[in-house]
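Trainee: Fold the following, please.
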Amino acid sequence: MLPANPLRGEAEVRIGAIDFRIAVTFSGLARLSDAIGARTLDELYGRLLGFEPKAVACAVRCLIVADDEDHISALSAKILDDGNISAADQLAWRGAVEKALSAHIAAGTVRRDERTASQIAGDAVLGKPVSPS
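Mentor: Okay, here's the model as predicted:
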């Protein structure tokens, strides 16, 4: 498995005996929101961190990083098999969701930075934060 790329909102997670990657993207969040009927990002985030079974099952399918649709289906089925996933996976899941969502937000913030390279370098020399946040 390739390492997670935080610039793409990815995070590694281990559920049961299976290691995989999730990626938080706006389209993935939209699919997940539709699947579980969440109306706001706050509601979606709370349900994911709370390890709500339906939210987690749908999130695995909507946020998983895999080569193609067949691989997504097969890997999702293995991850969500009752012999693999349990409530004991909540902390690992929570950490991955927090990491992936934070990376997604950070990447979006960087894309909105309209300073020139010279201004960014000047800010860095003056000890100002490199990112606009």
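Trainee: What is the end-to-end distance of stretch 108-116?
Mentor: 17 Å (Cα to Cα, to the nearest Å).
Trainee: Kindly report the same for stretch 65-85.
Mentor: OK, stretch 65-85 end separation, Cα to Cα: 18 Å.
Trainee: Tell me which residues of that stretch come out buried.
Mentor: Residues 65, 72, 75-76, 78-80, 85 are the ones in stretch 65-85 that count as buried (16 or more other Cβ atoms under 10 Å). All C-beta atoms are positioned from the backbone trio N, CA, C, and that covers glycine.
Trainee: List the contacts of that stretch.
Mentor: 10, 15-18, 20-23, 56-57, 60-61, 64 (Cβ atoms under 8 Å, 6 or more residues apart in numbering).
Trainee: Just the buried ones from those residues?
Mentor: 10, 15-16, 20-23, 56-57, 60-61, 64.
Trainee: Output the helix or strand of the chain with the lowest mean pLDDT as PDB, nothing but the C-alphas.
Mentor: The weakest-scoring helix or strand in the chain, judged by mean pLDDT, DSSP states H and E, is helix 117-125 (a mean of 78). Only the C-alpha atoms of helix 117-125 are listed here, as PDB (Å, rounded to 0.1, in the frame of the first residue of the first chain):
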ATOM      1  CA  ALA A 117       6.200  33.700  -3.600                       C
ATOM      2  CA  SER A 118       8.100  36.900  -2.600                       C
ATOM      3  CA  GLN A 119       5.500  37.800   0.000                       C
ATOM      4  CA  ILE A 120       5.500  34.300   1.400                       C
ATOM      5  CA  ALA A 121       9.300  34.300   1.600                       C
ATOM      6  CA  GLY A 122       9.300  37.800   3.200                       C
ATOM      7  CA  ASP A 123       6.700  36.700   5.800                       C
ATOM      8  CA  ALA A 124       8.800  33.600   6.600                       C
ATOM      9  CA  VAL A 125      11.900  35.800   7.200                       C
END
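Trainee: list the helices and strands that helix packs on?
Mentor: On a contact count with 3 or more Cβ pairs under 8 Å, 6 or more residues apart in numbering; DSSP states H and E, helix 117-125 meets no helix or strand.
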